[in-house]
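J.: Attaching a predicted model along with its sequence, questions to come.
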Amino acid sequence: MYDMILQYVEPIYRFCRKRLSSEADAEDLSQEILLCILQGMKHSNISNMNGYVWRIAHNRYARKIRCKNDDPIILYGHDYYPEIIDVNEQNDIWKSIILYFLLCIRLVLCIETLWWISPQF
């Protein structure tokens with residue numbers, strides 16, 4: 001059953017990459033789409049897999065764009081510091097800790113997605 005989804009991994013990523021400017025956003029959305037498809041496969045019998053996959057992909061993309069327009073933009077990284085924050089050595093340490101933590105969370109989510117796609121991983 002889960003083998004059917006493997007053929008859609010790359011096309012879903014290309015779908016996301018074509019529509020989003022950031023590679024990281026495309027990876028995140030692809031992961032979200034695949035997870036939604038896998039959860040749907042657990043709970044229902046899907047007669048038209050191709051239609052189901054692309055309907056989920058379209059709906060998740062639309063939701064991401066809608067949420068992106070509603071949410072405030074949060075910037076982080078090495079090149080961004082709000083002008084009102086005094087950047088000193090202690091802030092750099094906390095910033096590094098937070099960025100490392102976010103990277104670990106992303107890695108765990110990728111591993112969980114791979115496990116859902118291929119449990120023997």
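T.: Thanks, I have the structure now. Owing to the predicted nature of the structure, the values given are computational and were not obtained by experimental measurement. Residues are numbered from 1 along each chain as shown.

J.: ok, which stretches of this structure are helices?
T.: Under the criterion DSSP state H, helices of the chain are mapped to 3-6, 9-19, 23-43, 49-70, 89-117.

J.: List the contacts of the fourth one.
T.: Residues from elsewhere that reach helix 49-70 (Cβ atoms under 8 Å, 6 or more residues apart in numbering): 4-5, 8, 12, 15-16, 19, 25, 29, 32-33, 36-37, 40, 46. (Glycine included, C-beta is placed from N, CA and C.)

J.: Can you turn the buried subset of these into a selection I can paste into ChimeraX?
T.: Typed into ChimeraX, the line below selects the buried ones among the contacts of helix 49-70, using 16 or more other Cβ atoms under 10 Å:
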select :5,8,12,15,16,29,32,33,37
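
J.: domain parsing for the protein?
T.: The chain is divided into the following domains under automatic domain parsing: 1-73, 74-121.

J.: among those, which gets the worst mean confidence?
T.: Note on those: lowest mean pLDDT is at domain 74-121, with a mean of 59.

J.: Great, nothing more from me.
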